Structures are given as C-alpha cells and as structure tokens.
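Enquirer: Provided below are the primary sequence and the corresponding predicted coordinates.
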Amino acid sequence: MLALARAPRLPESMPGKAKLNAKRARTPAAGGEPRKQKPKRAPGEEQHAVALPPPLSVSLPPPRRPLPPHQLVLAPMVAASELPFRLLCRRHGAQLCYTPMMLAAEFINPAHVATPNGVGALQTRPDDAPLVAHFAANDASTLLAAAKRAEPYAVAIDINLGCPQRSAHSG
C-alpha cells in the first residue's frame, strides 16, 4: 500500500507573499527533492541524427510589390480587424494592417461580388494601405484562388498556420 505524505498547512494569518515563498520552498524545483538526471553517454557513443534530404534548388520569383517600410503592425484579430478598426489604428500610427482571418473557400464564393472597395470580408479604402489579407484554408488550389482574388486589394497574403479557432482547423 502506498502512503502519501501531505504537506503541512500554512497558517491563515501568514501574509500572502510569505505564504507563497513558503510554498515555493517545498517544491522539488526549490530543492525539496533532487531532479532526475539524464543518463550519460559512454565516451565515443554518438547520438544518431536523422539525415535530411538536400534542399531543393528552387528560386522564387521576386515579390510583385515589396512591402513598404513599417515598424508598427496591426496583427490579425478575429472579429476586430475590420475596416473601421484598421482605420482607427492607422490614425494612431499603425503602418501595416492585417485583415481578420477569412476562410478561402467562402472568399472565392461567386456570391461575394467584387467592388472597387473589396470583396466580401475584404473591404478597404485608399487610406487603408498597405494591407495584408489573412486566409485560412485546407486546400492549396482554394487558397491560390482566394489569393488571386485578393491580389488587387492587398500587398501580401498571410496564411494562417496556428490559430486555435475551430474554423481555422476545418478550413
């Protein structure tokens, strides 16, 4: 039978900071219990590295429109990076702005009619530049079609690779 030892309770009257320091003193990282050591390798024993294939010698074409110099960037934010908020941020110094995340499959839908101000969720104005279009997709051809449709309105296309939102996972 395994017996578990309980740490003694700290008095309620102890000040908050002192109580926190007392708790830290009992943790293994603070010296309560020694940490497990990694096994040492014998001399001459090497770790086996996985050999990677050589990089492809593909040269990419230069960007069609280089990004202008920028220091203050408005990152893409779901349900917050729409045109009115971007214009407000630009008024306060943002030099490069991102659109909210758009699903590429919805963006290429023919129901979204292209206008001089944008397409669907990608609405812009001349004073809302430079702008980066931010897309999520799970199919390369759909993403390419969306990027081509957004090209007249944006200086760059950003691909969402790490958003925890369910819609970003499903594309």
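Expert: Yep, it's here. Numbering: from 1, shown residues only.
Enquirer: would you mind measuring the gap between the ends of stretch 71-84?
Expert: Stretch 71-84 has an end-to-end distance of 21 Å (CA to CA, to the nearest Å).
Enquirer: what's in contact with that stretch?
Expert: 86, 89-90, 93-101, 121, 123-125, 128, 132, 134, 158, 160, 163, 165 (CB atoms under 8 Å, 6 or more residues apart in numbering). From N, CA and C alone the C-beta is placed, and that goes for glycine too.
Enquirer: tell me the mean pLDDT for that stretch?
Expert: Mean pLDDT, computed over stretch 71-84, is 87.
Enquirer: pretty sure Arg86 is touching Asp127, no?
Expert: No: using CB atoms under 8 Å, Arg86 makes no contact with Asp127, being 9.8 Å away.
Enquirer: neighbour count winner among the two?
Expert: More crowded of Arg86 and Asp127, by other CB atoms under 10 Å: Arg86, with 23 against 9.
Enquirer: dump the residue contacts of that one.
Expert: Under the criterion of CB under 8 Å, 6+ apart, the neighbours of Arg86 are 74, 94, 97, 128, 131.
Enquirer: secondary structure and distance to Asn117 for the residues you listed - can I get that in CSV?
Expert: Conversion of these to CSV gives the following (DSSP: H, G, I helix; E, B strand; the rest coil; distance: CB to CB, whole Å):
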residue, secondary structure, distance to Asn117
Leu74, strand, 19
Ala94, coil, 19
Cys97, strand, 15
Asp128, coil, 9
Leu131, strand, 12
